[in-house]
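Visitor: how would this look folded up:
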Amino acid sequence: MRKGCSKLFCEDEHQFERWNHNSIKNLKVEFKRFKALKKGPPQYNVIVKIACTRSSDRLLGARQAYHSLFNRSIEEDLISHIKGYARKLLVALVTAYRYEGPKVKIDTTKSEAESLLNAIKNGDTRKAAEDDEVIRILSTRSKPHLKEVYEQYMKLSGKTITEELEVELLLKETVECLCTLQTYFTRVFEAALRDDVNEDKKKTLTQLIVTQKSEEMKEVATEFEKQIEERVKGAYKDVLVGVLAKEVK
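Guide: Coordinates of the predicted model:
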């Protein structure tokens, strides 16, 4: 953890490494976002976003940091505070440790696309969000594998999975973050740049720009750079433009 998160440590007067208290203070503020799980379903997307857009190692590090900061596990809090159909899916996503290599078995993706299609078509989409097979696929398979499942589903159904899940936002956002990340980024940018935008949408965009390093994010940031210059004002604009200038290089 020290090797991967060097900014969290600093040398004291005796040249021993210790926690950098300022970094830990900032980390605590960031992890307070997880309190969204106490606010009910409209805020569960925060958990989905963190669980599905981070690498396996970063997600594991986040779980370790949560445990250290709050003396309990994120899994424990999820189970304690979330009731109903969302609990099983969110716990599975947070505890996932996915294979991140490029290998994909096409026959398996076809079979799993059929499983998803059956779960979504044969019942209401909320039931699909707590279906054991759906959760197994979304929480254990690699992202390249899931992208292929997404393509196979479209061939079988004639529609994308996200189109089929239009009214089930939790499952839709999970699939979007795992399979079509650039689409998710685009939606966040569009929502945050509307004239009637609220503070929550702005916070989501700010966090996205600051924490995401993927090529998909850079492409979307470049696409929206001009709109940010034209539609955002004040200090918020300065922050976004400044961070984007570094990210899109």
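Visitor: Can you give me the neighbour number for residue 237?
Guide: Close neighbours of residue 237, defined as other CB atoms under 10 Å, add up to 14. For glycine as for every other residue, the C-beta is placed from the backbone atoms N, C-alpha and C.
Visitor: number of nearby residues for the closest residue to it other than its chain neighbours?
Guide: Excluding the flanking residues, the one nearest residue 237 by CB to CB, 6 or more residues apart in numbering is residue 228, at 6.7 Å. Residue 228 sits with 19 neighbouring residues when counted by other CB under 10 Å.
Visitor: quick one: contacts for residue 228?
Guide: Listed by CB atoms under 8 Å, 6 or more residues apart in numbering, the contact set of residue 228 reads 193, 237, 240, 241, 244.
Visitor: Am I right that residue 116 is in contact with residue 129?
Guide: No. Residue 116 sits out of contact with residue 129 when judged by CB atoms under 8 Å, with a separation of 11.6 Å.
Visitor: Work out for me the element the residue nearest the centre of the chain sits within.
Guide: By CA atoms, centre = their mean, the chain has its centre lying nearest to residue 49, at 2.0 Å. According to DSSP states H and E, residue 49 maps onto helix 45-53.
Visitor: Follow the chain on from that helix and name the next helix or strand.
Guide: Of the helices and strands lying after helix 45-53 in sequence (DSSP H and E), the nearest is helix 56-70.
Visitor: What residues sit buried inside that following helix?
Guide: Residues 59, 62, 63, 65, 66 are the ones in helix 56-70 that count as buried (16 or more other CB atoms under 10 Å).
Visitor: Out of those residues, which is nearest to residue 102?
Guide: For those, the residue nearest residue 102 by CB to CB is residue 59; the value is 19.5 Å.
Visitor: Would you mind measuring from the closest one to residue 230?
Guide: Per CB to CB, to the nearest Å, residue 59 is found 36 Å from residue 230.
Visitor: do the same with residue 173
Guide: Going from residue 173 to residue 230 by CB to CB gives 28 Å.
Visitor: repeat for residue 241
Guide: To residue 230, residue 241 is 11 Å away according to CB to CB.
Visitor: what's the offset of the helix or strand hosting residue 222 from the middle of its chain?
Guide: Residue 222 belongs to helix 215-231 when assigned by DSSP H and E. Between the centre of helix 215-231 and the centre of its host chain there is 19 Å, according to CA atoms, centre = their mean, to the nearest Å.
Visitor: Stretch 127-143 now?
Guide: Distance of stretch 127-143 from its chain centroid, counting by CA atoms, centre = their mean, is 16 Å.
Visitor: With stretch 167-174 instead?
Guide: Distance of stretch 167-174 from its chain centroid, counting by CA atoms, centre = their mean, is 12 Å.
Visitor: those strands in the chain, which residues are they?
Guide: Counting by DSSP state E, one finds strands in the chain at the ranges 9-11, 17-19.
Visitor: Partner strands of the first one, with direction?
Guide: So that's strand 9-11. When pairs are called by DSSP bridges, strand 9-11 turns out to pair with strand 17-19 (antiparallel).
Visitor: Now the partner strand: average pLDDT?
Guide: Averaged across strand 17-19, pLDDT comes to 71.
Visitor: Give me the more crowded residue out of residue 241 and residue 230.
Guide: Neighbours were tallied for residue 241 and for residue 230 using other CB under 10 Å; the higher tally belongs to residue 241 (13 against 10).
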